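**Student:** All I have is the shape, not the residue letters:
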């Protein structure tokens, strides 16, 4: 989710949002030179003038990544050689529509199923477009589930076994559940821990080890919501604190250690199962307001939206060394 925030979040929100949406012709200035580690590599420097600010990421076989461009309403494939192909452009919202918290239309979380079908979230402040969208290979994007226009569907997670999708709503403080076939969403979890505290609450989301894990951007927490034997939400567990401005996250492997994108601070933090965390990548490695990440094997793919730096939105890869 976009990191339009600072230590004085409420007072500077309007100007931060304007900066995040600004389209400039400036190219990267110092990012490439700032890279400090041999195990970090740029996959792509994206076109900031064309609105290519990656918000969320999912991986394809062969090394390509598919990303959502938050404010250009586009879904795009980025190949390992850095070439970008636009797969879909979503419709403009009706005149006068205003997306909650962000004003502009927002394209958020994305996941991919084994057959290549993509699911992603679109928020516009209008009831005709806000919701869960699907793009099948060779097809056109279409909405398969409507979500409340007064919310901000942001993070998206896939439960492959149960064939369900979970949606983190950052404004309504809700986790929705939707079948992969679409239809009417279920309000699966609502809790104070998911609520915003000034700007945005529930943000990144993953299905992992019998639970639905959610980050809260304002509160700087990582939460786990157990999935009960009947599929309902159990009591919310707080697994980590002190991660203010946490955006998306991804697990390193089968255990509960995860990597978290700390948007405004240009950091990736490793969060241990007991909640301890340490910074493992910074702006010196090429991060520019990291928004999301995905892990395959020993490689983390990290998307940077450059919402604050306004310099070099990019995708980079980093080798994972557990316990590093």
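**Tutor:** Everything's here; your move. All of these numbers come straight from a predicted model, not from anything done at the bench. Residues are numbered from 1 along each chain as shown.

**Student:** and residue 92, how many neighbours?
**Tutor:** 11 (other C-beta atoms under 10 Å). (Each C-beta comes from the backbone N, C-alpha and C, glycine too.)

**Student:** Ok, residue 58 next?
**Tutor:** Neighbour count of residue 58, defined by other C-beta under 10 Å: 22.

**Student:** Give me the sheet partners of the helix or strand encompassing it and which way each runs.
**Tutor:** For residue 58, the element it lies in under DSSP states H and E is strand 54-59. Using DSSP bridges, the strands paired with strand 54-59 in its sheet are strand 65-69 (antiparallel).

**Student:** Quick one: residues in contact with whichever helix or strand comes after the strand it pairs with.
**Tutor:** Next helix or strand after strand 65-69 toward the C-terminus (DSSP H and E): strand 74-78. Strand 74-78 has contacts (C-beta atoms under 8 Å, 6 or more residues apart in numbering) with 43-44, 46, 51-52, 60, 64-69, 84-90, 107, 110, 118, 120, 135, 141, 315.

**Student:** coming back round to it: hey, what's the angle from the strand holding residue 58 to strand 74-78? Just curious.
**Tutor:** Strand 54-59 runs at 50 degrees relative to strand 74-78, counting by axes from the mean of the first three to the mean of the last three C-alpha atoms, to 10 degrees.

**Student:** how far is strand 54-59 from where the chain is centred?
**Tutor:** Put simply, strand 54-59 sits 7 Å off its chain's centre (C-alpha atoms, centre = their mean, to the nearest Å).

**Student:** what's the answer for stretch 127-140, then?
**Tutor:** Its chain's C-alpha centre and that of stretch 127-140 lie 18 Å apart, by C-alpha atoms, centre = their mean.

**Student:** buried ones in it?
**Tutor:** Across stretch 127-140, burial judged by 16 or more other C-beta atoms under 10 Å covers 129-135.

**Student:** now do stretch 82-95
**Tutor:** Buried residues in stretch 82-95, counting neighbours by 16+ other C-beta under 10 Å, are found at 84, 88, 90, 93.

**Student:** List just the nearest of the residues you listed to residue 223.
**Tutor:** Distances from residue 223 to the buried residues of stretch 82-95, taken as C-beta to C-beta, are shortest for residue 90 (29.4 Å).

**Student:** isn't the closest one right up against residue 122?
**Tutor:** Yes. Look at residue 90 against residue 122 with C-beta atoms under 8 Å: they come within range, at 5.5 Å.

**Student:** quick one: common contacting residues for those two?
**Tutor:** Common neighbours of residue 90 and residue 122 (C-beta under 8 Å, 6+ apart) are 73, 105, 107, 129, 133.

**Student:** re earlier: show me the two of the buried residues of stretch 127-140 that sit farthest apart.
**Tutor:** Farthest pair in the buried residues of stretch 127-140, by C-beta to C-beta: 130 and 135, 16.8 Å.

**Student:** what number of residues lie near residue 210?
**Tutor:** With other C-beta under 10 Å as criterion, residue 210 counts 10.

**Student:** wait, isn't it in contact with residue 224?
**Tutor:** No. Using C-beta under 8 Å, residue 210 is not in contact with residue 224; the gap is 9.1 Å.

**Student:** Can you list the strands that the strand or helix carrying residue 109 pairs with?
**Tutor:** Following DSSP H and E, the helix or strand that holds residue 109 is strand 106-112. When pairing is defined by DSSP bridges, strand 106-112 lines up against strand 118-123 (antiparallel).

**Student:** about what we covered before: from the shared contacts of residue 90 and residue 122, which two are the most distant?
**Tutor:** Taking C-beta to C-beta, no two of the shared contacts of residue 90 and residue 122 sit farther apart than 105 and 133, at 12.4 Å.

**Student:** Give me the common contacts of those two.
**Tutor:** Common neighbours of residue 105 and residue 133 are listed as 90, 122 (criterion: C-beta under 8 Å, 6+ apart).

**Student:** on that earlier part again, and for the strand holding residue 109, what's in contact with it?
**Tutor:** 1-2, 55-60, 66-75, 90, 99, 118-124, 152-158, 165, 167-168, 205, 248.

**Student:** could you flag which of those residues are buried?
**Tutor:** If we count by 16+ other C-beta under 10 Å, these have these buried: 1-2, 55-58, 66-75, 90, 99, 118-124, 152-158, 165, 167-168, 205, 248.
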